[in-house]
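**Q** task: produce atomic coordinates for the following.
(one chain, ligands or ions: 2)
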Amino acid sequence: MPSLSDPLGLDRASWEAVARDWGLPPYRGRQIFDALHLRRKRSWSALSEAPRSLRERLVAEAPLALPKIARRDESADGSRKYGLRLSDGSLVEAVFMPGERARAQVNEFEDARAGSAMGDRDAGPARRGKKSEPAERYTVCLSSQTGCAVDCAFCVTGRLGGGRNLTAGEILGQLYAVEDDVGRGAEGLRVVFMGMGEPFLNPEGVIGALEILFETISPRRVTVSTSGITPAFARFAELPRRPNLAVSINAADEETRARLMPITRTYPLSGVLEAMRRWPLESHRRLTAEYVLIAGVNDSPADARRLAGRLKGIAVKVNAIPLNADPIYLSGWKRPDEAAIGAFARALADAGVPVTVRRSRGPDASAACGQLKGRTQDMRQRVSARR
Ligand code: SAH
Ligand code: SF4
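**A** Ligands and ions are numbered 1, 2, ... in the order given. Model (predicted):
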């Protein structure tokens, strides 16, 4: 029988096995799965279709617990960063990004209008009730680990060191805790694995969560971002339903990348590009190459042209992310000015590479990329702990 220690992380087949083991018909197992993930029920007592004896057994043997909201920091643009407490006390961060602007990234360049890292273009309108009004889009950014051992020099999560893998149920639990707080469900939802941690170092938890997530939203609405753990590509590539893939490239040559991302010494850029080339893409789809722009380090038009050269032959669009600076954790690294960002993007577009420039979401709540720090208190921010 599957382990009941992570009930939110069990897929439909596992719940059927649990039902069989408890002497019940398999449809009872499916009912449990559907109640949790399709109807987003949060407690066993809400499972009105199940007999009382089953509800009681679930309460006793498969206690449900969503991560608790320990902090909630709201930005002027409506995005919210959550500090979520897991059952063992560790803190992870998730970010809610509302509305139209959550569509993805600002795009000042003609070529870049081709798409976005979040796969919005293909999602089609979600339906609401009987009307064909599309639900307002929103995006939730999830963590996959409680820290990150990959140790990128420009990333606050990385500066704070490694953590443990989240279970599939803990990953989904973040999403459900955020959904409850903002009063939304699967309609209009996009999910990005761009929070704390390296998803490819936690294939079990991430794939488990993806498989359940894909029961409620299209894989095209889900993006996993990896720093390029080369051996893990194959495991994700063989999934019958695959998310959009974003790979953090961040430099066009091995030396600069090793300086920014020491993991390059273990998994060189050349191998990461090769793994991208082999990634099974549906037709008309592209991978995303994320590229954090750091002033004077990797942001010149010559860097952009070198990058275009390295990406040749790969169906890819570049998402340039101007560095979210942090004077304490990332001292010494600076965000390029607007002119430099523009020149970099233009050079890429001129070389025929689709490019978008990512707008930071919620930097005033330190919710932007690379600013998720989880376990440490950030005393510089006003924190509202409402729960
Ligand atoms: N570990 C995964 C996913 C989480 S990081 C990965 O590295 O891809 C998500 C994205 O945020 C990555 O593309 C990363 O390069 C970017 N990022 C990290 N720190 C940043 C910072 N200080 N400013 C801007 N982007 C940053
Ligand atoms: Fe980890 Fe991604 Fe941050 Fe690098 S950028 S330290 S891989 S979370």
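**Q** Asp21: how many residues sit nearby?
**A** Neighbourhood size, Asp21 [other C-beta atoms under 10 Å]: 11. The C-beta positions use only the backbone N, C-alpha and C, and glycine is treated the same way.
**Q** what residues does the stretch 151-300 of the chain put near ligand 2?
**A** Taking C-beta under 6 Å from any ligand atom, the part of the stretch 151-300 of the chain that reaches ligand 2 is made up of 151-152, 155, 157-158, 197-198, 227, 248.
**Q** out of the residues you listed, which end up buried?
**A** By neighbour count, with 16 or more other C-beta atoms under 10 Å, these hold 151-152, 155, 157-158, 197-198, 227, 248 as buried.
**Q** just the ones of those in strands?
**A** Ser248 (DSSP state E).
**Q** identify the residues contacting the residue lying closest to Asn165 once chain neighbours are set aside.
**A** Nearest non-adjacent residue to Asn165, counting by C-beta to C-beta, 6 or more residues apart in numbering: Asn202, 4.0 Å away. When contacts are counted by C-beta atoms under 8 Å, 6 or more residues apart in numbering, Asn202 touches 144-145, 165-166.
**Q** and Asn202, what pLDDT?
**A** With respect to pLDDT, Asn202 scores 98.
**Q** same question for Phe193.
**A** For Phe193, the predicted pLDDT is 98.
**Q** overlap between the residues of the stretch 151-300 of the chain next to ligand 2 and the residues near ligand 1?
**A** 155, 198, 227, 248.
**Q** now for the contacts of Asn202: which two are most distant?
**A** Across the contacts of Asn202, the longest distance by C-beta to C-beta is 7.4 Å; it joins Ser144 and Asn165.
**Q** joint contacts of the two?
**A** By C-beta under 8 Å, 6+ apart, Ser144 and Asn165 have these common neighbours: 197, 201-202, 205.
**Q** tell me the contacts of the residue in the stretch 51-200 of the chain positioned nearest to ligand 2?
**A** Residue nearest to ligand 2 within the stretch 51-200 of the chain (C-beta to the nearest ligand atom): Gly158, separated by 2.5 Å. Applying C-beta under 8 Å, 6+ apart, we find Gly158 in contact with 148, 150-152, 370.
**Q** got phi/psi on Val192?
**A** phi -120, psi 130 (degrees, to the nearest 10).
**Q** C-alpha coordinates for the lowest-mean-pLDDT helix or strand in the chain, CSV please?
**A** Least confident helix or strand of the chain, by mean pLDDT, DSSP states H and E, is helix 156-159 with a mean of 91. What follows is helix 156-159 as a C-alpha-only set of coordinates in CSV (Å, rounded to 0.1, in the frame of the first residue of the first chain):
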residue,chain,number,x,y,z
VAL,A,156,19.9,34.9,-2.4
THR,A,157,18.5,31.4,-2.0
GLY,A,158,21.8,30.0,-3.1
ARG,A,159,23.8,32.2,-0.8
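**Q** how about Asp337: what's its closest non-neighbour residue?
**A** That would be Ala295: by C-beta to C-beta, 6+ apart, it lies 7.5 Å from Asp337.
**Q** A helix includes that neighbour, no?
**A** No: going by DSSP: H, G, I helix; E, B strand; the rest coil, the assignment for Ala295 is coil, not a helix.
**Q** re earlier: more neighbours, Ser144 and Asn165?
**A** Ser144 (29 against 18).
**Q** and Lys317, helix, strand or coil?
**A** Put simply, Lys317 is strand when judged by three-state DSSP.
**Q** tell me how many other residues crowd it.
**A** 21.
**Q** with Pro26 instead?
**A** 15.
**Q** relative to ligand 2, how far out is it?
**A** According to C-beta to the nearest ligand atom, to the nearest Å, Pro26 stands 40 Å off from ligand 2.
**Q** got a pLDDT number for that residue?
**A** Note on Pro26: pLDDT of 97.
**Q** check contacts around it.
**A** 16, 19-20.
**Q** run the last query once more with 6 Å
**A** By C-beta atoms under 6 Å, 6 or more residues apart in numbering, the residues touching Pro26 are 16, 19.
**Q** do the same with Gly162
**A** 147, 149.
**Q** mind doing that once more with 8 Å?
**A** 145, 147-149.
**Q** cool, Gly83 as well?
**A** Per C-beta under 8 Å, 6+ apart, neighbours of Gly83: 69-73, 91-93, 374.
**Q** any idea which of the residues you listed is least confident?
**A** Within the contacts of Gly83, pLDDT is lowest for Gly374, at 61.
**Q** for the residue nearest the centre of the chain, which residues count as its bridge partners?
**A** When the chain is reduced to its mean C-alpha position, the nearest residue by C-alpha atoms, centre = their mean turns out to be Phe193, at 1.3 Å. Note on Phe193: beta-bridge partners by DSSP bridges are Val224.
**Q** surely it touches Leu142?
**A** Yes: applying C-beta atoms under 8 Å as the test, Phe193 and Leu142 come out as touching, 5.6 Å apart.
**Q** interface residues of the stretch 201-350 of the chain facing ligand 1?
**A** Residues of the stretch 201-350 of the chain lying near ligand 1 (C-beta under 6 Å from any ligand atom): 225-227, 248, 250, 290, 292, 321, 323-324, 330.
**Q** need the residues you listed in a markdown table with pLDDT, can you?
**A** A markdown table is the format used below for those (pLDDT from 0 to 100):
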| residue | pLDDT |
| --- | --- |
| Ser225 | 98 |
| Thr226 | 98 |
| Ser227 | 98 |
| Ser248 | 98 |
| Asn250 | 98 |
| Glu290 | 98 |
| Val292 | 97 |
| Ile321 | 96 |
| Leu323 | 96 |
| Asn324 | 93 |
| Leu330 | 91 |
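**Q** got JSON lines for the ones next to ligand 1 among the residues of the stretch 151-300 of the chain next to ligand 2, with distance to Val59 too?
**A** Converted to JSON lines, these look like this (distance: C-beta to C-beta, whole Å):
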{"residue": "Cys155", "distance to Val59": "41"}
{"residue": "Glu198", "distance to Val59": "35"}
{"residue": "Ser227", "distance to Val59": "40"}
{"residue": "Ser248", "distance to Val59": "42"}
